[in-house]
Structures are given as structure tokens and as C-alpha cells.
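# Sequence first, then the predicted structure:
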Amino acid sequence: MLVAFVVSVHAQVPYERLLKAESDPQNWMTYAGSYKSHRYSALDQINRKNVASLKLAWAYQIQRAGIVETSPLVVDGVMYLTEPPSTVTALDVRSGRPLWTYSPNIPPDVIVIGSPPVNRGVAILDDLVYVGTVHGHLIALDSKSGTVRWDITVGDNKSGYYLTLAPLALDGKIVVGVSGAETGIRGFIDAYDAKTGKLAWRTYTIPAPGEPGFETWGKGNGWQTGGGSTWLTGSFDPELNLLYWATGNPAPDWNADNRPGDNLYTDSVLALDPSTGKIKWHFQFTPEDVHDWDSNETMILFEAQIGGRERKLLAQANRNGFYYVLDRATGEFLTGVPYAKQTWADGLDAKGRPFRKKGIAPSLEGTLVFPNIGGAANWFSPSYSPQTKLFYQAAREMGTIYFKGAAEYKPGTAFTGGGGRHVQGDDASGAIRALDATTGKMKWEFPLLSPGYTSLLSTAGGLVFGGSEEGNFFALDAETGKPLWDTQIGGAVRGIPMSYAVDGKQYIAIAAGFTLFVFSL
Amino acid sequence: MRIALLSLVIAFVLPVVSAAQSATDVAEGKKLFSGLCVTCHGFDGAGGAGPPLNRPRLLSAPDDASLRNIIAEGIPNRGMPRVRRVTDDEMRQLVAYVRSIGKIARPAVRGDAARGGQLYAKLGCAGCHIVNGTGGSLGPELTSIGWIRGPEYLRQAVLEPAARLPQGNLPIPARGYNEFLPVTVVMKDGAEVRGIRLNEDVFTIQIRDLTGKFHSVRKSDAAVVRKEIGASLMPSYANRLAGGEIDDLVAYLSRLGGAL
């Protein structure tokens, strides 16, 4: 009894624990499960042989209206869940009962242009839980009570900055990116002191005059409103001491008249020194983008033999329809192949630069191009299994008729220069594809009815969990793609699956519609 | 009836001039409209899969504020998508153009709606379609069809029903799927079901057969699930209508829902 009154002097989740997240699969302590962003669980209690008897353990009804795209964390019996737009709720992982909830004061005139007002999860470090908000704040909460420890402004929401991503906790620092390219922000990546919220460094994704890359914006002022958002969580290699953060589309999205050139570093990956924010290398996926193909998609870090030697690699299934593999120490382009229908490029050159086709630019009368505005991939998580060495990705097979329009910059309003109309319904489809991670060659696919927004989780039980827009949630054989279990959960699956264990029992969590579902044997 | 129609037509040919409307806005708006809107609303707003807009009064958009709102927010479950991300100027131009086509003379209605109504009864259309609560429910309800569809679309729907199935008019299935899509399912035991698709997901499909009976099918239990894209359960009436009768039928359908 006395023990209960002793104040803990040890931080609950020190950085060292995050470093070893892969060997602690009972917990899920970072957005994508580990710094390598595999979204892979080493738990194997639920496996190919028994997954057919998976049952609902408990459910939690989301208390706030909106689209739920959260990836919960679980640490030592407590789940940290976000609800739209920027609420954090702690749940008992055994019963699903809430322990505390925190909602920031979001002003009624908050500006969220470019995505729905969603949140994709929190970060945890030591005894604090960190959430980014749609009014542009980063807030640190006491992990035991949900009480605010500090609350700082990352970007001015009046100019269109807002946050939807799960922050990334490093050694003593919290790293975040911003949304807002559809209002013509100038994107950046920020690192804050984890204890105080003081800015440690800021790296803009668009170079200022005199900096390398500035010449890729033409002679006008397009760079000042050039977008390059940083709205999804990056990956980290502690051995190379490199932080990988990807960037979004240039602004205006569909009209490049004021930004002739490659528009560095939009639609790129930046390798940063986590102590200073200095750019060590960059690779641009889509130069002078006019289709809104943000390159923020989750980057998976893995190792493989290429050309007879072990390489440290970074892979991404890009919104533009190509699967890329880079050397993550140097940024060298190694592989780039389509994983979904694309009609805009005649392949990539030896350095990964696309051979852009003619006649693919948005126009007044509309131009049909694949992939669609939402992309072949988007925010939803891929997964990589070290068991199968496959990269699992939900691909969207869909075209858009792209329109070019006028663009006039007014702070905090849409600065997009056009739009698009989807070719949808029975004329579109989706698939979950398993790619050889090194070559991008497809090993199997599982067809989906609609182009989905489903994130994937692979497990040591030989399974891949995913969902559909129609509310199916299912487990596939990770080696063959054969469906082994499925259930209908009644709402589009936009949540991000994860797994944890408590009391020796493995659970799979997924949010769909307005509910979080947790399954076990 | 004929006299009433004629007087309406005359009312529309009277030119109405708005001083506030800039000719430049109308011209620019027409360009935007030609890219964004003609697929459904037809050239010059004559209607198609979407309602005609060349009317002096738009039921859902009686004033410019509500028209702007519909363009920006769409009409959920009516197939009208949101047109987000237009600038204020572009919005003003679109509104100016849509209002301008409401003041253009409409082509005279070719058919006789009263005779069309008699044809509707004679041909047995009510076997599959409900109008004002009466009729069979295998096909789409037609109570307001004249408000929802343009005359050219209605003509095609009678002559070539398979050419274009409705999309986006029902809340289920959503996201632009073909509505009333014929499907044939052959179960592994050889049993066969043909009907219209009510809904579908990755693992299951829901069907209403020609007798109205509901079938729930798990796809893995079926040997064949054939979605008959490009087909319709409605027969073509091209060979069953004498000269001019199609005009009468279209005139009747065009008036359903209070539209001209």
C-alpha cells in the first residue's frame, strides 16, 4: 500500500526505451511502431492458424464528430488515442474505459484548408504526451492526468498553418511538421525542447534567396507562398544520426505559372541532422508538380543486399504512383517502378527523375491523368515485415480530370489554382499489394472494391491487417495475400491499425467510422 | 394544356437584362462551366445526367447565395460534387454564367406531355417505376425526374437504357457507383441469381432480383459474380414507339417534378 504513495522518480518512456521499441512489442510507443516506421508487430499469438477466431474484445465510441485517422499508442496498460480534431483520450487497454481526456480550445474560425480536420496520433517521451492541433499548436500533456505542461504556437493558423500529424519524439526533442500548402504557406520542420517547448531548430522546406535550391523557383516571389508542407511523421536512423522527413506539394497546387522550375524541396525527402536541422541530402520525387502529389507518405527504413553489399535503405510508395528505394546514408536513387496505374511519366532516369509525358498538365477543359488527386498512396500507412521482406501498400487505381484555374494569394484562403473531378464508382478500384521491398516487384495483390485509405499492419503471426472504404476489416496471409478472416465494422476504415499485448494476450486495434474496435482471440 | 405550355414558352423568350452582370464574368464563367460542369449539366446548361440549368428559377438555388453554396458544398446524395478551391473571382464568374443561361430562350418543347402521359400508362412503365406513390419499385422512382434530368438524358434513357445508368442519386451505394446495375451470380452449387445490385463490399454483394426478392451473397460462396457494366434491366423502347411518340414521352417525363 505504501508503494502507491511513492512518487516515481523514473521517467516512464525515456528515449532509450523508444530506441528499443522493436524488442518491446507489448507496447506501441511511436506513431509507426518504431523509428524505422515498419508498422510491424513482433507479436505472434494471433497468427495464420487461429486468426479465423478473432473476436471483438471491446469498443470505444469516439466522442467528437469528424473523420478518425488515428494511430493509438499503448504504453504499460494505457492507450493514448486522438479524436478529431485535436482531442487526446487515455483508455484502459483491458476494458476500454476512459481514464482522462483533453480537448484544446480550438477557435470557431480555425482555418483548415487542404484536408479534413483530422489527427493521426500522439508522441510520448518520458512522462509527457505530445499532440499537434488544427489551430497550429503543439501541446505537451502530463501522461498520467492529461494536464497541460506547455502549449506553444508552431505556425500562425491565420495564415493557414495547422497540424494533423503525430509528433516524433527523439532524444530530448519533439519534431513536428505542418499542413497548409493549400493556403500557400512556406513549409518547415520544427524541433522543440521536449521539457520546455522551446524551439531548438527550424528548417524551411523552401530555400530563401542565397540558399541552394532557391534558383528552382523562377524569378518571382513564388517561393514565399510555395507550400512544401511536412504533414506526416518522419523516420529516424539513430546509427546514421539522420532524421528523414518528407515534403508536400508546391502551391498553388494545379497552376505553376508563378513557380517555373523544380520547386525544391517540395515533393522531396530531406535527410536532416537531428541536432541542428541541417539538410544532409535531399531527393525530389516530383519536380514542378502540378497534380497535388505530396510526397509526405511514410518512409520505411530497412536493410538489404544490393549489388553484393548490405545497404541501408529507405523505401516509399509515392502518391505519384512510383515505388522508390534510396540509399538512406547518401540519398542515392536505387530503384523506382510503378506500383499503380500512372499516365504522367515515361519512367524515371538513372537518378530517379521522371520523364514527364506531354499533355498531362491541368487545363481549363480538364485533363485526365492517373493517379488521382488523392494519389496512388497518401497519408495511410504502409507496412514492412522483416519476416517476409515485403512492403505492403494499399494502392488507389483511379484517375482525376485535372483543371487549371486562377490563383490569387490571400493569407488564410485557398491558393490552389484549379481542382479536379474524380473518375470513381465502378470505374475505379483499389488493391493491397505486396512488393519485394528491394525491387518493387509485386509478389501478390488482394483486390479492394474502392480505392481506399486503409493503413496496413503486418505481424510476426504471418498476417497483414487492413480495411476497406465499405467497412471491411480483415487479415491476409502475409506470404500469399489469401484472406484468412474478415468482419464488417460498419464505417469506412480510416483509422491506422496497431497491435499490443497485456496480461499475455495480444490485441489488434483499428478505428473505423466513429468507433475504435479492439480484437483478440 | 397546349395553350398553357405555349404561354410559358413565350414568357421565357422575353429577354431579361441585368445591369449588374458583367459580360466578361459571363464569358469567363462559360469557360469554367465548360470544363467543370458540362459533363452533367450539358452544354449551355441544357441538362443531362444533372438537371437543366437554363431555367429562370432553380429550385435549389433561388438566389445567388444559395447557388454559391451549392457550388461550394455540393448536394450530398444527389450526385452534385463539391467544387472546392475556386477563387472568389471564379465563383462570381460561374454564378454570373449560370444566371445568364436562365435568361436564354429555351428550345420549344417538341412533344405533347398529355399524350406522353397516356403512352406512359399504355407501355406499362408503372410496372417498374413509381410516380407519386404509384407503380413498381424495381427501377428508379420518377416522381421528380424532370427536375433531376435533362430532356436529352431522358430520351436516351428510354431509347438506350443501358447507355448510362444513374450514379450518385441514391445514398446507397455511394461514391458514384452505378445504381440499378444488373448482376448475375452463380453459386458454387449451380444456383443462379440475376437482379440489381443494392450494395457491395470487398467480401459480399446484396442483390434484389426481378421478383423483388432480396439476396445476400458472400462472394467466396459464388463461382461467378458478373457485374453487367453497360447493361440495364430496362428494355429499349426504340422499336415500340411510333414517330413523335418519344417526344411526347420525354415531354411528360420532363414535367414530372414541376419542371417544364
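Good, I have the coordinates.
# Three-state assignment for residue B:156, please.
At residue B:156 the chain is in helix, as set by DSSP: H, G, I helix; E, B strand; the rest coil.
# Please verify my assumption that it contacts residue B:166.
No. Residue B:156 lies out of contact with residue B:166 (Cβ atoms under 8 Å); the separation is 12.0 Å. For glycine as for every other residue, the C-beta is placed from the backbone atoms N, C-alpha and C.
# Which positions in chain B make contact with chain A?
Residues of chain B lying close to chain A by Cβ under 8 Å from any Cβ of the partner chain are B:31-32, B:34-36, B:39, B:81, B:83-87, B:89-90, B:167-168, B:175-178, B:181, B:200-204, B:227, B:229.
# and after the helix or strand of chain B with the lowest mean pLDDT, which helix or strand comes next?
Using mean pLDDT, DSSP states H and E, helix B:2-13 stands out as the lowest-scoring helix or strand of chain B, at a mean of 37. Downstream of helix B:2-13, the next assigned helix or strand under DSSP states H and E is helix B:23-36.
# which other residues reach that next one?
A:363-366, A:403, A:405, A:419, A:421, B:41, B:43, B:45, B:83, B:86, B:90, B:92-98, B:100 (Cβ atoms under 8 Å, 6 or more residues apart in numbering or on different chains).
# model confidence over it, on average?
In this model, helix B:23-36 has an average pLDDT of 88.
# now swap in stretch A:408-421 and tell me
92.
# what does stretch A:305-317 give?
95.
# So which bits of chain A are right by chain B?
Residues of chain A lying near chain B (Cβ under 8 Å from any Cβ): A:182, A:253, A:363-366, A:403, A:405-408, A:414, A:416, A:418-419, A:421-422, A:424-427, A:447-450, A:468-472, A:474, A:483, A:486, A:488.
# and those residues, which are buried?
With burial judged by 16 or more other Cβ atoms under 10 Å in any protein chain shown, the buried subset of the residues of chain A next to chain B is A:182, A:253, A:366, A:403, A:405-407, A:414, A:416, A:418-419, A:421-422, A:424-426, A:448-450, A:468-472, A:474, A:483, A:486, A:488.
# Tell me the residue of the stretch 51-200 of chain A that sits nearest chain B?
residue A:182 (7.3 Å; Cβ to the nearest Cβ).
# in a helix, that's where that residue is, yeah?
Yes. Looking at residue A:182 with three-state DSSP, it is inside a helix.
# What's the local residue count around residue A:209?
When counting by other Cβ atoms under 10 Å in any protein chain shown, one arrives at 8 neighbours for residue A:209.
# So residue A:107 sits against residue A:135, correct?
Yes. Residue A:107 is within contact range of residue A:135, at 6.1 Å (criterion: Cβ under 8 Å).
# Would you map the helices across chain A?
A:15-19 (DSSP state H).
# okay, the helix-or-strand element of chain A with minimal mean pLDDT in CSV with CA atoms only?
The helix or strand of chain A with the poorest confidence is strand A:418-423; it has a mean of 89 (mean pLDDT, DSSP H and E). Coordinates of each C-alpha in strand A:418-423 appear next as CSV, following Å, rounded to 0.1, in the frame of the first residue of the first chain:
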residue,chain,number,x,y,z
GLY,A,418,-7.7,24.7,-60.0
GLY,A,419,-9.0,21.3,-58.9
GLY,A,420,-10.3,18.1,-60.2
ARG,A,421,-13.1,15.7,-60.8
HIS,A,422,-12.6,12.0,-59.8
VAL,A,423,-13.3,9.1,-62.1
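# List the pairing partners of that strand within its sheet, with orientation.
strand A:399-404 (antiparallel) (DSSP bridges).
# if we can go back for a sec, nearest residue to the residue of the stretch 51-200 of chain A closest to chain B other than its sequence neighbours?
Nearest residue to residue A:182, sequence neighbours excluded (Cβ to Cβ, 6 or more residues apart in numbering or on different chains): residue A:114, at 3.4 Å.
# Which stretches in the stretch 51-200 of chain B count as strands?
Remark: strands assigned in the stretch 51-200 of chain B by DSSP state E, counting those that start in this stretch are B:182-187, B:192-200.
# got a markdown table for the ones you listed, with mean neighbour count and mean pLDDT too?
Output for the strands of the stretch 51-200 of chain B, formatted as a markdown table (neighbours: other Cβ atoms under 10 Å in any protein chain shown; pLDDT from 0 to 100):
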| stretch | mean neighbour count | mean pLDDT |
| --- | --- | --- |
| strand B:182-187 | 19 | 98 |
| strand B:192-200 | 18 | 97 |
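# between the ones you listed, which gets nearest to residue B:56?
Closest to residue B:56 of the strands of the stretch 51-200 of chain B, according to Cβ to Cβ: strand B:192-200, at 37.1 Å.
# So what are the sheet partners of the closest one and their directions?
Sheet partners by DSSP bridges: for strand B:192-200, these are strand B:182-187 (antiparallel), strand B:204-209 (antiparallel).
# and the spatially closest residue to residue B:112 that is not a sequence neighbour, which of the three is it?
Closest residue to residue B:112 in three dimensions, ignoring its sequence neighbours and counting by Cβ to Cβ, 6+ apart: residue B:248, at 4.9 Å. With three-state DSSP as the basis, residue B:248 sits in helix.
# List the contacts of residue B:248.
If you count contacts by Cβ under 8 Å, 6+ apart, then residue B:248 has B:111, B:112, B:113, B:115, B:116, B:119 around it.
# possible to save the residues you listed as a markdown table with neighbour count?
Formatted as a markdown table, the contacts of residue B:248 follow (neighbours: other Cβ atoms under 10 Å in any protein chain shown):
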| residue | neighbour count |
| --- | --- |
| B:111 | 21 |
| B:112 | 20 |
| B:113 | 23 |
| B:115 | 17 |
| B:116 | 20 |
| B:119 | 22 |
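# List just the nearest of those to chain A.
When the contacts of residue B:248 are compared against chain A (criterion: Cβ to the nearest Cβ), the nearest one is residue B:116, at 31.0 Å.
# Pretty sure the closest one sits against residue B:256.
No. Residue B:116 lies out of contact with residue B:256 (Cβ under 8 Å); the separation is 10.0 Å.
# Now render the strands of the stretch 51-200 of chain B as TSV, adding distance to residue A:319.
Formatted as TSV, the strands of the stretch 51-200 of chain B follow (distance: least, Cβ to Cβ, whole Å):
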stretch	distance to residue A:319
strand B:182-187	33
strand B:192-200	27
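# Can you tell me which of those strands is nearest to residue A:275?
Here strand B:192-200 is closest among the strands of the stretch 51-200 of chain B (Cβ to Cβ), at 52.7 Å.
# could I have that closest one exported to CSV, CA atoms only?
C-alpha atoms of strand B:192-200 as CSV (Å, rounded to 0.1, in the frame of the first residue of the first chain):
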residue,chain,number,x,y,z
GLU,B,192,-28.2,-18.6,-60.2
VAL,B,193,-29.5,-15.1,-59.2
ARG,B,194,-29.9,-12.2,-61.5
GLY,B,195,-31.1,-8.8,-60.3
ILE,B,196,-29.9,-5.3,-59.5
ARG,B,197,-27.0,-4.6,-57.2
LEU,B,198,-28.2,-2.9,-54.0
ASN,B,199,-24.8,-2.7,-52.4
GLU,B,200,-21.4,-4.3,-52.3
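# Any chance you could list what contacts that strand?
Contacts of strand B:192-200 (Cβ under 8 Å, 6+ apart): A:449, A:470, B:138, B:172-173, B:177-178, B:180-187, B:205-210, B:214-215, B:217, B:227, B:233.
# which residues pair with residue A:270 across the strands?
Residues in beta-bridge contact with residue A:270 (DSSP bridges): residue A:245, residue A:282.
# what residue of chain B is the furthest out?
The C-alpha centroid of chain B is most remote from residue B:189, which lies 39.3 Å away (Cα atoms, centre = their mean).
# What about the residue lying closest to residue A:240 once chain neighbours are set aside, how many residues nearby?
Spatial nearest neighbour of residue A:240, excluding adjacent residues (Cβ to Cβ, 6+ apart): residue A:329 at 5.7 Å. When neighbours are counted by other Cβ under 10 Å, residue A:329 registers 17.
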